[in-house]
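>>> only geometry, no sequence info:
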């Protein structure tokens, strides 16, 4: 305990001195009047003299809340809400409040370290920055010379996603990776939802601004335990529910806390969400509840699809040349090149889609000898396979509940919010595609009261910053790394990877199947990890670089759950030899001979990123303004896909996706007929009637640990008072059947690994399901770790880690084989 | 001079058990390691964050429990040296650490299991320095402590930290004696329950249901 | 050693006629008997002193290293010290009541063992006060009890009454010694004994009220607790006096007609019956409605406190049987029965103290830290599944030290003060 803090003991004799007035600008709640302490009692209305305040924000891809950091004696003593409320409306959580623990973590990495001993032993030797950087540079230069620039791989995560942070492939480290033409390892995490929705909307889809949630008649949460994971959604929704304007419906296999707040909760078989959606859509169509107007005007439902090629019938198929822009000589032809064709009921002919007066939603016909159906028909063909009974069988939801849900989904203003659970199965993209299609089918998107998708806003910074030399990284999915390191090949070419650089990430813990990851890691010659804490990934590094904490760097909050761009100021200096991501990039760049592209100061780069971005120029948002105003709104409308306009070829949503491309293409074999419309395919292993289930009968799911952001800042002792050790929740009926006692140690296991944790009886868990809080590091387990058991299975289209598509079994610890 | 009678109204429909109020309190008051004044309790199954009932007929709610700042406090009656006392200006039940002789009679008397905490050891702060506000009272070994209603904040016209901190805007605080205060209106218009009302301590915390 | 069990007839202390005539010889005898005891007693005094010092050292360890070294935590914030405190107050009150009732009511007593009984009572009071002191977190602030006294607090009442009681016991003892020498009138002695009697009853009632007035702990909150504490005090106090008397007689310190022991035994038996009766009433009252009280009963009869429940019930019952059965009233069995009764009452104290914390009023699940309970990482079921409290060796050591203090006080009294029954002669060593 510091001896230098000034404290006044408020004892009974520290009486309030009567002034009869409230003190300072602090808001007074409750109407009571308190008298101020006299100055000798140490009271303060504004920041006390020995304390300063600055505006900071969280830089994880959480909610990017902004709040105040209070600094006293050079230490951050408090992180507290902005007086008067945060402009962006977010309310900081326990992680934000306790964030300074990572800054002052006694085990914080403060110096560059070199491995002394075998990888993973945990023996380190402190080295100087000079030695660290020159080692890195000399190795990289030699690899580049012999194997090419792509032999250096760069893996980023979401550890720091401010403008200069390395998360989400940003900052000077990202820029360096582009300049050096490295291989960028795509972390294949939580990508399926956006990818699947992009088949429909052209891009990922997201909810409207939280303040608009009261406009919805109902909010339907799909695989989203938002009160734990995205708790910023809650208070506006709670307000709306209190007023009675909005109801909450939750679809989740387990009775999550969100489900406990819901007006209706539907528990479905994990991984069956696409089937449920298809069943709902089928019911809607069969009962004529779909929104024809929206389908006809905002989607490609009426587009005619060639049955021979499965492509959209276009003007060229009919021998019609599309009108060039501005050419008024040709009638009834679309503005776009080679426009899609529809059947116009009124004129009883084929016409360009935007020239039709009353396009037909449905109808099989022969056009110019080509058999065609509408996109809507194509969808309905698939939907027709999902009768209520079949859907019930697949999803384990009662016919009644499916019907109820379907009716709910077809009436009124709806927010369909997706979390990241439903997309974490092999069929995750289909989930996204199906959910998006549902919204189009019912026209519940593009209005204040209707939207669909996940939760995200991004102030897109100036892309030119990332590629000053016009060169780019080559992307490789992490799920292919085993193959690449084994075969030395990727996408049909030789692909030697000799070095890996990890920043703002913890792949060994947050990736799928950590034992498998370790295998390919160990085939990489030279691994450098930049981090603050001894994570599972740091454990297996060759060189560790101490990076600064985001509270030690001035930066810009460019992503958020609100359409705001904000500043995060530098609260304190970095301790010892920790350096910001930017400085690390600079040091390496100089040694690598590309220092000229990294010479500017952080401030200059921030201006380049912000001031010169599209939005920055459009709206006059500058670093200077941010420094003064702290938080600036860049989208007052806050309604996604406003008016039902989508970033697609035609501006319309695609309920039929003409060209289904994989998320990452390395020349993998793909089923050409797959993905045009949403469909249901079985999860890879988490399915009760599958082969794997015979050996590993449980579906092993994960949920957010409220005390961590992924694995970030895990050595937070305050947080450990609330969550001291890893657990797994199991339904008591399952536990008793396996002689597992409540609160006893168990072994979770499958083919890929195991973890010894405490089992907690939880009736809220669906029988047949086990659920664990993610984010625990190997050193926190008695044995093994959760990440050993997750899967590195790669769906060829989605190229995403199916974190919940995991089968496992459980037994009391010590029971052995 | 009339005193106010401050109390809390906590909306259990809105509370999602996020623990932000618990941690905010801990930091604001520079609580020693392993001391939690405001605990987030699960009214459900036997363990934290579990529901009661049998799948799928379940229920769960969170109840945040700290000192109830009773109107008829059992603790104040029994403290032999008056170290625990009811503050006439605010109605808060306060603790004078300097006076406490560490007899723990108050813990025995208080019906609300666990709201009072005794510093069984020298208070340690694993972060290595004092956090929170400078005017939050210092902690002493071998004395009893508990929620102070952030009295040091009340003294400068601010509300208790936990109220400000709540993510869900579920916590309300104000003068129960003022019919026009937000809290009085909430209690008048909403259904509520209290913890252990049969004990007769007249807690000043209302749980809106 | 002579066997005085059938021999000497000792005057009733209130037989005035013989007093004057024997005063001079008494003084002579008193002077001799004041310093009684040989190597055995000295050794015992030495051992007690050593254990006491060890206890004080351990207390120092407790204070410096923190009470975290005990088994107590927030959810079970009192333990062996307060249990022993209750126990010793009971022993002391009982001893004094036994000795003062005959004098107060002017009836035949127990063969002049009154002074020894009061000495044992004083020793127990000292031990009781010692137990409270070692339980305090901030003993250096003891003075505050007198500077800032909250006179509404039962703990404060107990401090006052205990203090008064200690002084009064000493006065009473002194008065008896002086009365033996004829220096204090019998009326005065009678008055003092009445006051002593009332204070003794009050002391244990007030101690009971520390627990019984707390509405928050169901097991404690009963009007019966004060009378019950008094009856328990009478049981263990009488039993203690019985044991001490028999032991001292065996050691040759005093002579005592067996009839007095029989009288004492019958009284003990009666007290045991009353105490068990109170117990029965309480159990029935708790159990009958089948509500929350049933939990308390279950905890005793089928839960973590089972050993303590049955030891008391069986032990006390056996004691009563021994006391009421003439054939069983041998010295050995009387001692055994008395010890069982004492053990039984100690078990009662354990039931009460631990029982008060064994059932939580708020048992919702929440974060648990080491400050809340030693078994914090095994969840609520781990904490409340077994006994919610168990002492650490440190606590046992400190407690033993305080017990040694009490024993030391008693032995010093035996050695240095004229506590023998009036007409006893010191046997030769």
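Received the coordinates, thanks. From a predicted model like this one, the values you see are computed outputs, not experimental measurements.
>>> Please name the residues that touch residue 195.
Since you didn't name a chain, this refers to chain A. Residue A:195 makes contacts with A:204, A:429, A:432, A:663, A:797, A:798, A:800, as judged by C-beta atoms under 8 Å, 6 or more residues apart in numbering or on different chains. Every residue, glycine included, has its C-beta placed from N, CA and C.
>>> meant chain C, my bad for not saying
When contacts are taken as C-beta under 8 Å, 6+ apart, residue C:195 is in contact with residue C:168.
>>> ok, which pair from the contacts of residue A:195 is furthest apart?
Looking at the contacts of residue A:195 by C-beta to C-beta, the two members farthest from one another are A:204 and A:797, with 15.6 Å of separation.
>>> What values do phi and psi take at the residue nearest in space to the middle of chain C?
Among the residues of chain C, the smallest C-alpha distance to the mean C-alpha position (C-alpha atoms, centre = their mean) belongs to residue C:91, namely 1.6 Å. Backbone dihedrals for residue C:91, given as degrees, to the nearest 10, come out at phi -60, psi -40.
>>> So it is in contact with residue C:124, correct?
Yes: in this structure residue C:91 lies within contact range of residue C:124 using C-beta atoms under 8 Å: 4.3 Å.
>>> Can you list the residue ranges for strands in chain B?
Remark: strands of chain B, listed N- to C-terminal, are B:6-11, B:39-43, B:52-54, B:57-59, B:61-65, B:84-86, B:93-95, B:117-118, B:144-145, B:171-175, B:192-193, B:205-208; assignment by DSSP state E.
>>> and the angle from the second one to strand B:61-65?
To tie it back to what came earlier, the one meant is strand B:39-43. The directions of strand B:39-43 and strand B:61-65 differ by 150 degrees, with axes from the mean of the first three to the mean of the last three C-alpha atoms, to 10 degrees as the criterion.
>>> For strand B:39-43, list every residue counted as buried.
Neighbour-count burial for strand B:39-43 flags B:39, B:40, B:41, B:42, B:43 (criterion: 16 or more other C-beta atoms under 10 Å in any protein chain shown).
>>> Could you dump the residues you listed into JSON lines and include distance to chain C?
Conversion of those to JSON lines gives the following (distance: C-beta to the nearest C-beta, whole Å):
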{"residue": "B:39", "distance to chain C": "4"}
{"residue": "B:40", "distance to chain C": "6"}
{"residue": "B:41", "distance to chain C": "4"}
{"residue": "B:42", "distance to chain C": "5"}
{"residue": "B:43", "distance to chain C": "5"}
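>>> And the residue nearest to the centre of chain C, how far from chain B?
Per C-beta to the nearest C-beta, to the nearest Å, residue C:91 is found 22 Å from chain B.
>>> In chain B, which residue sits nearest chain C?
In chain B, the residue that lies nearest chain C is residue B:102 (1.8 Å; C-beta to the nearest C-beta).
>>> And what about the closest residue to that residue other than its chain neighbours, helix, strand or coil?
The spatially closest residue to residue B:102, leaving aside those adjacent along the chain, is residue C:137, at 1.8 Å (C-beta to C-beta, 6 or more residues apart in numbering or on different chains). Taking DSSP: H, G, I helix; E, B strand; the rest coil as the rule, one finds residue C:137 in the coil state.
>>> pLDDT value on the nearest residue to residue C:394 once chain neighbours are set aside, please?
With C-beta to C-beta, 6+ apart as the criterion, residue C:394 has its nearest non-adjacent residue at 5.0 Å, and that residue is residue C:69. pLDDT, residue C:69: 97.
>>> how about the helices in chain B?
Secondary structure of chain B, counting by DSSP state H: helices at B:20-28, B:74-78, B:105-109, B:151-154, B:161-165, B:182-189.
>>> Let me fix that, I meant to ask about the stretch 1-150 of chain C.
Per DSSP state H, counting those that start in this stretch, the stretch 1-150 of chain C has helices spanning C:16-34, C:39-65, C:80-105, C:114-135, C:144-147. These are given in chain order.
>>> now the last one, how far from the centre of its chain.
Relative to its chain's centre, helix C:144-147 lies at 26 Å (C-alpha atoms, centre = their mean, to the nearest Å).
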